[in-house]
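K.L.:
quick one, structure for this:
(one chain, ligands or ions: 2)
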Amino acid sequence: MTSKDDEPEAPASSVCYLGEPTDPDPRDPQAVALWRRGERARLRAERMALSVEVRQAKAEALTRHLDTFVASRLGDLTGRVVSGYWPIKGELDLRPWMTALHERGAMLALPVVEVPGTPLIFRRWSPGLKMERGHWGIPVPPAESLQMTPEVSLAPVMGWDGEGYRLGYGGGYFDRTLASLSPVPLAIGVGVQAARISSIHPQPHDIALSAIVTEAGLQFARA
Ligand SMILES: Nc1nc2c(c(=O)[nH]1)N(C=O)[C@@H](CNc1ccc(C(=O)N[C@@H](CCC(=O)O)C(=O)O)cc1)CN2
Ligand SMILES: Nc1ncnc2c1ncn2[C@@H]1O[C@H](COP(=O)(O)OP(=O)(O)OP(=O)(O)O)[C@@H](O)[C@H]1O
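P.N.:
Residues are numbered from 1 along each chain as shown. Ligands and ions are numbered 1, 2, ... in the order given. The predicted structure is shown next:
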């Protein structure tokens, strides 16, 4: 007869980390890159598993927190340039907020990969604008749209940490863009609360965002 004592003990790590991948050595860029690839796949699968209704409820809750935060930092947005994003791959759809801002007199813009491996540019958008298919199949405003520099820039996050760092799709586009813009915009990471990771293990090229907002509220903000 077997007793409980005969059963092999689970290693402590499987209890503590609940099957999450082990953190890489942050000094080893290749290990970090490999770990990020795994985290992106895990977080993307989790996000895709959310129903459309749940995702929409999260987007609505997030929008309320975002609106409050932006108003607290900038006040009235009339005439200000705000960049959003066209949702892909299960990203939260904040287009209703973009439309509301447009109606309140803000100028909206969307990011465009004009040249792969270089900073994003931003083209003016307004509700109903006919879009073109850009790099990676992402819909973008057509080339004749006015190019603008955002004062507020939304960055959809695949993952995020408590220090304001973002995990995206692995192109490095947002980091490159923030490094190139002057003045630096109020860069707000937006995504689901469940995509929080303890650290993205920031590398020299990673630039922390100004704030992170999820459906649960403001999670991080620099003074
Ligand atoms: N909706 C939305 N639009 C957005 C962004 C976003 O995150 N979400 N971006 C935010 O930045 C920019 C596009 N970001 C991109 C990021 C990666 C790749 C890409 O080619 N990824 C490759 C892997 C690259 C690599 O590992 O070197 C791939 O997955 O095949 C393309 C666009 C601008 N528009
Ligand atoms: N300022 C930069 N200059 C040159 N290369 C950069 C810069 N920022 C990032 N990169 C390159 O981009 C690669 C991917 O970066 P990272 O893992 O941070 O992507 P990401 O933030 O998830 O992507 P994205 O912003 O496109 O969604 C890195 O290996 C890095 O070499």
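
K.L.:
counting neighbours, what do you get for the residue in the chain that ligand 1 sits nearest to?
P.N.:
Closest contact between the chain and ligand 1, by CB to the nearest ligand atom, is at residue 171 (2.7 Å). For every residue, glycine as well, the C-beta is placed using N, CA and C. Neighbours of residue 171 under the rule other CB atoms under 10 Å: 14.

K.L.:
wait, is it part of a helix?
P.N.:
No. Using DSSP: H, G, I helix; E, B strand; the rest coil, the secondary structure at residue 171 is coil, not a helix.

K.L.:
surely residue 40 is in a strand?
P.N.:
No. Secondary structure of residue 40 (three-state DSSP): helix, not part of a strand.

K.L.:
quick check: the gap between it and residue 158.
P.N.:
Noted for residue 40: a distance of 6 Å to residue 158, by CB to CB, to the nearest Å.

K.L.:
and the chain, which of its residues are near ligand 2?
P.N.:
36, 166-176, 179, 205-206 (CB under 6 Å from any ligand atom).

K.L.:
picking that back up, identify the contacts common to residue 40 and residue 158.
P.N.:
167, 169 (CB atoms under 8 Å, 6 or more residues apart in numbering).

K.L.:
about what we covered before: by neighbours, which of the residues of the chain next to ligand 2 wins?
P.N.:
Highest count within these by other CB under 10 Å belongs to residue 166, 26 neighbours.

K.L.:
check whether stretch 188-200 comes near ligand 1.
P.N.:
No. If you take CB under 6 Å from any ligand atom as the test, stretch 188-200 misses ligand 1, and the best it gets is 10.0 Å.

K.L.:
picking that back up, contacts only, for the residue of the chain closest to ligand 1.
P.N.:
So residue 171 contacts 113, 116 (CB under 8 Å, 6+ apart).

K.L.:
for it, give me phi and psi.
P.N.:
When quoted as degrees, to the nearest 10, the phi and psi of residue 171 stand at phi -90, psi -10.
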